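Chemist: what's the 3D shape of this:
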Amino acid sequence: MSEKREWVLKAFRGEVVDRVPVGFWHHFTSEEEWLKGFSNPVIIEKNIQGHKRFIRDLHPDFIKLMSDGYFAYPNPVIGKGKSLQELAEIEPLGEDHPWIREQVELVKKIKQEFTEDIVAIYNIFAPVTYLKWLLGEVSGGDDLIADFLVQDSQKLKKVLDVIAQDIASLSQAIIKDAGADGIYLSVQSIQDARVSAEAYQEIIAPSELTVLKAAKSVGGVNILHICGYEGARNDIHIFADYPAHVFNWAVGPEGISLKEGREIFKGRAVLGGFENGEDGLLYRGSKEEIQAETKRLIEETGKDGLILGADCTIPSDIAVERIQWVREALAK
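Modeler: Got it, this is the predicted structure:
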């Protein structure tokens, strides 16, 4: 095991480290391509080459491998029907389905481009996210999930539990067969007032826990990303007992600092601190401002059990030197 790998894994476990790791990432394909990469070698090669450039230019402490192209869970029942009655006929794809095996090959190919032995975490979405994206095409679908919950919550739970079987199989295959160190599971509160925290925990959370437990059962590291994409708001307390090693959320929009979040997540490691968008300090600030904020975050949070990063994916056109400024400040 390389020193870099050992150091990052210690930080994930909340152990004492000499320097706080840094983890930023962005997409390597366009938003319209996120759903269209399955069996599309052009989009997948674009993703692979993007990782190659990113690793070569940044030499990251660790990396989140982007699942660009595979956002569309290709279950034929979801493709045919939109009513809950139709969706309730869903069956799992199975662990040998090409959608799963192609992602195993994607991770293997990206890892072949590594210039050093680093921790690699693969991007996975919650079962309800895969479902709502197929219903609402990336942005949207929350209202339909709320409709289903009102119509027949147990039927919705059954659909999500079936999807979870495939996402659990994907997670395990990525770790066992492709050599990833774990998963970065993206969850998000349903953006509809009809879905209470209690309803989420009863109907939706079990499918997410299935995925996390499956990854953990084969030795994987779990990073839980509570996604604030496009202004989504979350009740992060819903996820306080999830079996994850590291937690990441939108610090500014949620109004919960890294220090406060560590208390909510019972002392486990936290990741983030910087706003991810084009209006954020990381994208627009000066070197002095970015490094001052880096030092402030360390002083406020403490360096053990901390990984500095962003709320979510950062803009793909960001200058690599801006990420390096954060690492420079930590090295000092």
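Chemist: State whether residue 117 is indeed within a helix.
Modeler: No: checked against DSSP: H, G, I helix; E, B strand; the rest coil, residue 117 lies outside a helix; its state is coil.
Chemist: Could you tell me how many residues sit around it?
Modeler: The criterion is other Cβ atoms under 10 Å. On that basis, residue 117 has 12 neighbouring residues. C-beta: built from backbone N, CA, C; applies to glycine.
Chemist: Give me the phi and psi for it.
Modeler: Backbone torsions for residue 117, taken as degrees, to the nearest 10, come to phi -80, psi 100.
Chemist: mind listing what the closest residue to it other than its chain neighbours touches?
Modeler: In space, not counting the residues next to it along the chain, residue 117 is nearest to residue 2; the distance is 3.8 Å by Cβ to Cβ, 6 or more residues apart in numbering. Neighbouring residues of residue 2 by Cβ atoms under 8 Å, 6 or more residues apart in numbering: 116, 117, 118.
Chemist: Hmm, the last one is touching residue 60, no?
Modeler: Yes: taking contact to mean Cβ atoms under 8 Å, the distance of 6.7 Å between residue 118 and residue 60 places them in contact.
Chemist: Those two: which has the busier surroundings?
Modeler: When residue 118 is set against residue 60 and neighbours are counted by other Cβ under 10 Å, the residue ahead is residue 60, at 23 against 18.
Chemist: give the contact list for the more buried one.
Modeler: When contacts are taken as Cβ under 8 Å, 6+ apart, residue 60 is in contact with 22, 23, 24, 54, 118.
Chemist: how about it, secondary structure?
Modeler: Under the three-state scheme (three-state DSSP), residue 60 adopts coil.
Chemist: what does residue 82 give?
Modeler: Assigned state for residue 82: coil (three-state reduction, three-state DSSP).
Chemist: residues contacting it?
Modeler: Applying Cβ under 8 Å, 6+ apart to residue 82 gives the contacts 135, 144.
Chemist: Return the helix or strand in this structure with minimum mean pLDDT.
Modeler: Using mean pLDDT, DSSP states H and E, helix 76-80 stands out as the lowest-scoring helix or strand of the chain, at a mean of 83.
Chemist: That one - contacts with which helices or strands?
Modeler: Taking 3 or more Cβ pairs under 8 Å, 6 or more residues apart in numbering; DSSP states H and E as contact, the helices and strands that helix 76-80 lies on are helix 84-87, helix 127-136.
Chemist: what's in contact with it?
Modeler: The contact list for helix 76-80 (Cβ under 8 Å, 6+ apart) reads 86, 87, 89, 90, 91, 131, 134, 135.
Chemist: Might one say that the fourth one is in contact with residue 161?
Modeler: No: with contact defined as Cβ under 8 Å, residue 90 does not reach residue 161; the gap is 9.6 Å.
Chemist: Comparing those two, which shows the higher neighbour count?
Modeler: Shown here are residue 90 and residue 161; by other Cβ under 10 Å, residue 90 has more neighbours (20 against 16).
Chemist: Give me the residue ranges of the stretch 1-150 of the chain where confidence is low.
Modeler: Counting by pLDDT under 70, the ranges of the stretch 1-150 of the chain that qualify are 81, 137-140.
Chemist: ranges for the strands of it?
Modeler: Read by DSSP state E, counting those that start in this stretch, the stretch 1-150 of the chain holds these strands, from start to end of the chain: 22-23, 62-65, 119-125.
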